[in-house]
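In: Need coordinates for the below:
(2 chains)
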There are 2 protein chains.
Amino acid sequence: MDNYEIGLDVVFHALADPTRRAVIQRLGRGPATVSELAEPFDMALPSFMKHVRVLEGTGLIRSTKIGRIRTCTLEREKLAAAERWFAQQRALWASRYDNLDNLLEKLQGESYES
Amino acid sequence: MDNYEIGLDVVFHALADPTRRAVIQRLGRGPATVSELAEPFDMALPSFMKHVRVLEGTGLIRSTKIGRIRTCTLEREKLAAAERWFAQQRALWASRYDNLDNLLEKLQGESYES
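Out: Numbers count the residues shown, from 1 in each chain, chains lettered A, B, ... in the order given. So this is what the prediction gives:
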């Protein structure tokens, strides 16, 4: 399994949780401290930190600590890589339909000729 | 948690596995029997069937059995719903940058006026 596939495994696993998706969504509006990120959730801070660490482990977010304040930032490129997987699937479907179109045109051409 | 969020949980969980992503990719080229789908994998059929059932449980694929042959089909709309989550995130970032642009223009305007 190559790095891209392993990367997809961990990114999709990370996104399979509503808290983690909400964190990604919040960080889309700009960097935030862990306290700010945790605020909307009815969750103990250690539990919330586990989600932050999962996201950080995937490379979807990074964090820096200054004094006691840890600030998180979204790594959009990582999220874009996961989104590209969907685009690749659509490209495959599209090429399949192009092939069907070509076949249909060929068959229609043949029926006109006969 | 609404149905859309629950749906995303199970779809992203299903996609966090290379065998299941490969099945989705194969079905993008058209329907296939379980035997055809299993063929590229060095895996016992009962193990492979677990992956098929996970995908079927999410609604990403559906299957019909005629005699002893089970044929699987991709449900693209379900995959498209997961892809839309990424598009929504990008729309949020874009609106953030629009706001920054507007602020910048306003500040530049003010500095010209003073």
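
In: Near chain B, which residues of chain A are found?
Out: A:1, A:5, A:8-10, A:12-13, A:15-18, A:21, A:24-25, A:28-30, A:76, A:79, A:82-83, A:85-89, A:92-93, A:96 (Cβ under 8 Å from any Cβ of the partner chain). From N, CA and C alone the C-beta is placed, and that goes for glycine too.

In: Mind giving me the ChimeraX select for those residues, buried ones only?
Out: Typed into ChimeraX, the line below selects the buried ones among the residues of chain A next to chain B, using 16 or more other Cβ atoms under 10 Å in any protein chain shown:
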select /A:8,9,10,12,13,15,16,17,21,24,28,76,79,82,83,85,86,89,93
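
In: Among the residues of chain A next to chain B, name the ones in helices.
Out: Among the residues of chain A next to chain B, the residues falling in helices (DSSP state H) are A:5, A:8-10, A:12-13, A:15, A:18, A:21, A:24-25, A:76, A:79, A:82-83, A:85-89, A:92-93, A:96.

In: Do me a favour and average the pLDDT over stretch A:21-33.
Out: Here stretch A:21-33 scores 95 as its mean pLDDT.

In: Please provide the alpha-carbon coordinates for it, formatted as CSV.
Out: Extracted C-alpha coordinates of stretch A:21-33, given in CSV (Å, rounded to 0.1, in the frame of the first residue of the first chain):
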residue,chain,number,x,y,z
ARG,A,21,-15.5,17.4,11.2
ALA,A,22,-16.8,20.3,13.2
VAL,A,23,-13.2,21.2,14.3
ILE,A,24,-12.1,21.1,10.6
GLN,A,25,-15.0,23.3,9.7
ARG,A,26,-14.2,25.8,12.5
LEU,A,27,-10.6,26.0,11.5
GLY,A,28,-11.7,26.8,8.0
ARG,A,29,-12.6,30.2,9.4
GLY,A,30,-9.1,30.7,10.7
PRO,A,31,-6.7,29.4,13.4
ALA,A,32,-8.2,28.9,16.9
THR,A,33,-6.9,27.9,20.3
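
In: And the contacts of it?
Out: Outside stretch A:21-33, the residues that touch it by Cβ atoms under 8 Å, 6 or more residues apart in numbering or on different chains are A:15, A:36-37, A:40-41, A:51-52, A:55, A:60-61, A:69-74, A:79, B:5, B:8, B:85, B:88-89, B:92-93, B:96.

In: is it true that residue A:74 touches residue A:60?
Out: Yes. Using Cβ atoms under 8 Å, residue A:74 is in contact with residue A:60, at 7.2 Å.

In: Doesn't residue A:53 lie inside a helix?
Out: Yes. Assignment of residue A:53 by DSSP: H, G, I helix; E, B strand; the rest coil places it within a helix.

In: give me the low-pLDDT residue ranges for chain A?
Out: Residues of chain A meeting the criterion pLDDT under 70: A:1, A:97, A:111-114.
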